[in-house]
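*Asks:* Would you be able to build a 3D model of this:
(one chain, ligands or ions: 1)
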Amino acid sequence: MTASRFDIPTLQRMDAEHHLHPFCDNAALAKQGTRIITRAEGVYVWDAEGNKLLDAFAGLWCVNVGYGRQELVEAAARQMRELPYYNSFFQCTSQPTIELAELITSLAPDNITHAFFTGSGSEANDTILRMVRHFWSVQDRPEKFNVIGRYNGYHGSTVAGASLGGMPAMHKQGGLPIPGIYHINQPYWFEYGGDLSPDDFGLQRARELEEKILELDPETVAAFIAEPIQGAGGVIIPPASYWPEIQRICRKYDVLLIVDEVICGFGRTGKWFGCDFFDIQPDIMPVAKGISSGYLPIGAVMFSERIAGVLKEKGGELAHGYTYSGHPVCAAVALENIRILQREHIVESVDTDTGPYLQKRWLQLAEHPLVGEARIAGFIGAIELAPNKPERRFFADPGTVGAMCRDFALANGLILRATRDSMLLSPPLVMTHAQIDELIEKTHKSLDQTWDAVKART
Ligand SMILES: *Cc1c(COP(=O)(O)O)cnc(C)c1O
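*Replies:* The predicted structure follows:
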């Protein structure tokens with residue numbers, strides 16, 4: 001390997017001494033030394049040591065159009081020269097912000113007509129918690145205050161986001177969840193389905209929502225929030241029976257349906273949004289990640305006409321907003337990003353060409369002795385590493401085998417994420433057939449190496 005132009009030991013020492021990393025065991029990292037990523041192109045990233053890695057995780061579920069898009073660089077530079085910043089408070093805004101609101105609502109289901117801009121998905125969910133309570137309150141129903149989420153759901157890391165989510169490790173840090181937020185069980189058939197068929201199990205889990213609404217009293221329940229497909233929780237794709245039943249229950253009790261599209265939005269499932277994939281009509285959709293392919297931070301909350309109408313007519317002055325709500329440069333980049341998705345028919349390709357090919361190849365991994373289940377929708381999937389396939393049993397030391405497989409993959413030049421013992425897949429939506437072949441070959445090799453190591457342990 002050629003000498004690196006980066007002084008890696010110095011950078012790692014500075015990092016260990018001054019940088020606290022998110023979602024990381026910082027003591028362990030300080031000993032090991034961080035991996036410094038230095039450049040990227042298409043579906044590949046390079047680290048400071050010069051290793052080329054196939055990024056099968058699209059950064060963090062977000063680089064939908066791939067790396068190195070000069071159109072996005074130019075859109076940002078153009079907007080920065082003309083107007084680098086202005087706010088959307090006090091009856092002002094900027095042209096790209098207006099155009100982005102129009103464009104994303106035109107792509108969303110018909111009932112969705114308004115967008116409120118944020119800097120991230122977490123901020124979007126914080127906005128939502130306040131807005132749903134405000135929505136009911138201004139209609140003289142302030143007791144409609146409670147929000148129901150799901151265990152192992154992920155809605156971001158701010159106080160409201162982490163409370164709406166159902167991650168025990170997150171709730172433990174900082175005294176969460178905050179009051180008025182409740183959780184039901186997730187539609188995770190592989191772990192909890194037992195002898196039920198996936199569809200029977202999906203119905204059973206959906207009906208937990210009705211039980212929880214009745215337990216709390218429908219007059220006190222403002223909304224239900226869920227990801228179409230759970231991402232951070234381990235790419236859990238609900239059985240087909242699940243979402244229609246959830247929607248029916250929400251309508252029956254006039255509980256607002258919040259579908260968290262932060263990962264599924266902008267093409268991940270081969271449809272523009274996860275709610276299109278499952279054919280449901282949410283009242284509210286938070287989006288982020290793929291909206292700008294991660295090139296700049298931006299998120300949004302998309303509201304139905306019913307909600308936006310009430311907020312406008314009865315809401316008075318909205319006592320809520322962020323300095324960077326509708327940031328013109330972020331909006332310009334998001335606009336161009338969506339235009340690339342449209343111009344290059346990327347979402348259609350995931351739906352009808354590269355997606356079906358990836359699905360076929362990915363599902364074949366289920367034949368590997370280490371794989372308990374392979375699942376995938378569009379360009380988002382997982383393989384569940386399990387010691388006993390028919391019984392869908394887990395390893396006794398959850399997380400160890402997954403981490404082993406992730407490390408083998410890295411050594412093989414492949415970035416996959418491990419959550420517990422699930423290997424998660426979420427590649428850039430521009431991945432080609434040849435790159436899919438490379439992905440599958442490297443995954444297979446990593447599984448073989450992990451399987452050998454697992455057998456050697458026992
Ligand atoms: C990533 C994510 C969020 C949080 O978005 P940030 O931009 O990290 O704040 C919210 N919801 C879902 C489903 C996510 O995957």
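
*Asks:* Point me to the residue of this structure nearest the ligand.
*Replies:* residue 121 (2.3 Å; CB to the nearest ligand atom). Using the backbone N, CA and C atoms, a C-beta is placed for each residue, glycine as well.

*Asks:* That residue: what's it in contact with?
*Replies:* Contact partners of residue 121, counting by CB atoms under 8 Å, 6 or more residues apart in numbering, are 155, 156, 161, 260, 262, 286, 287, 288, 289, 299.

*Asks:* Go through those residues and flag which are in strands.
*Replies:* Judged by DSSP state E, strands contain the following of those: 286, 287, 299.

*Asks:* ok, now which ones touch the last one?
*Replies:* To tie it back to what came earlier, the one meant is residue 299. By CB under 8 Å, 6+ apart, residue 299 lies in contact with 117-124, 262, 286-288, 291.

*Asks:* now the residues you listed as CSV including distance to residue 83 and pLDDT?
*Replies:* Converted to CSV, those look like this (distance: CB to CB, whole Å; pLDDT from 0 to 100):
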residue, distance to residue 83, pLDDT
117, 15, 98
118, 20, 98
119, 18, 98
120, 22, 98
121, 25, 98
122, 26, 98
123, 22, 98
124, 24, 98
262, 27, 98
286, 26, 98
287, 23, 98
288, 23, 98
291, 20, 98
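
*Asks:* Pull out the buried members of those.
*Replies:* By neighbour count, with 16 or more other CB atoms under 10 Å, the contacts of residue 299 hold 117-124, 262, 286-288, 291 as buried.

*Asks:* For residue 177, state which of these is nearest.
*Replies:* Of all the buried ones among the contacts of residue 299, residue 177 sits closest to residue 122, with 14.4 Å by CB to CB.

*Asks:* taking the buried ones among the contacts of residue 299 one by one, which sit in helices?
*Replies:* Counted as lying in helices by DSSP state H, out of those, are 121, 122, 123, 124.

*Asks:* Regarding stretch 50-61, how distant is the last residue from the first?
*Replies:* Start-to-end span of stretch 50-61 (CA to CA, to the nearest Å) is 23 Å.

*Asks:* Give me the contact list for that stretch.
*Replies:* With contact meaning CB under 8 Å, 6+ apart, stretch 50-61 is reached by 1-2, 4, 40, 43-47, 63-64, 67, 231, 262-263, 268, 289-290, 294, 380, 410, 413-417, 424-429, 435, 438-439, 442-443.

*Asks:* And for stretch 205-217?
*Replies:* Contacts of stretch 205-217 (CB under 8 Å, 6+ apart): 146, 148, 182, 184-187, 192, 221, 224, 238, 241-243, 245-246, 249-250, 252-253, 255.

*Asks:* Quick one, which of the residues you listed are buried?
*Replies:* Neighbour-count burial (16+ other CB under 10 Å) applied to these gives 146, 148, 182, 184, 186-187, 221, 224, 238, 241-243, 245-246, 249-250, 255.

*Asks:* Of the ones in strands among the contacts of residue 121, which ones also sit close to the ligand?
*Replies:* Among the ones in strands among the contacts of residue 121, the ones lying near the ligand by CB under 6 Å from any ligand atom are residue 299.

*Asks:* Dump the ones in strands among the contacts of residue 121 into CSV; add distance to residue 355 as well.
*Replies:* Formatted as CSV, the ones in strands among the contacts of residue 121 follow (distance: CB to CB, whole Å):
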residue, distance to residue 355
286, 24
287, 20
299, 25
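
*Asks:* Would you mind listing what in the chain touches the ligand?
*Replies:* By CB under 6 Å from any ligand atom, the residues of the chain that approach the ligand are 120-122, 125, 154-156, 227, 231-232, 260, 262-263, 288-289, 299.

*Asks:* For stretch 196-206, C-alpha coordinates in CSV please.
*Replies:* Only the C-alpha atoms of stretch 196-206 are listed here, as CSV (Å, rounded to 0.1, in the frame of the first residue of the first chain):
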residue,chain,number,x,y,z
LEU,A,196,-48.4,-18.0,13.8
SER,A,197,-48.3,-17.3,10.1
PRO,A,198,-46.8,-13.9,9.3
ASP,A,199,-50.2,-12.5,8.4
ASP,A,200,-51.9,-13.7,11.6
PHE,A,201,-49.0,-12.4,13.6
GLY,A,202,-49.2,-9.0,11.7
LEU,A,203,-52.9,-8.7,12.6
GLN,A,204,-52.2,-9.6,16.2
ARG,A,205,-49.5,-7.0,16.6
ALA,A,206,-51.7,-4.3,14.8
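
*Asks:* to the chain's geometric centre, what's the distance from that stretch?
*Replies:* Its chain's C-alpha centre and that of stretch 196-206 lie 24 Å apart, by CA atoms, centre = their mean, to the nearest Å.

*Asks:* Since that was my last question, I'll sign off now.
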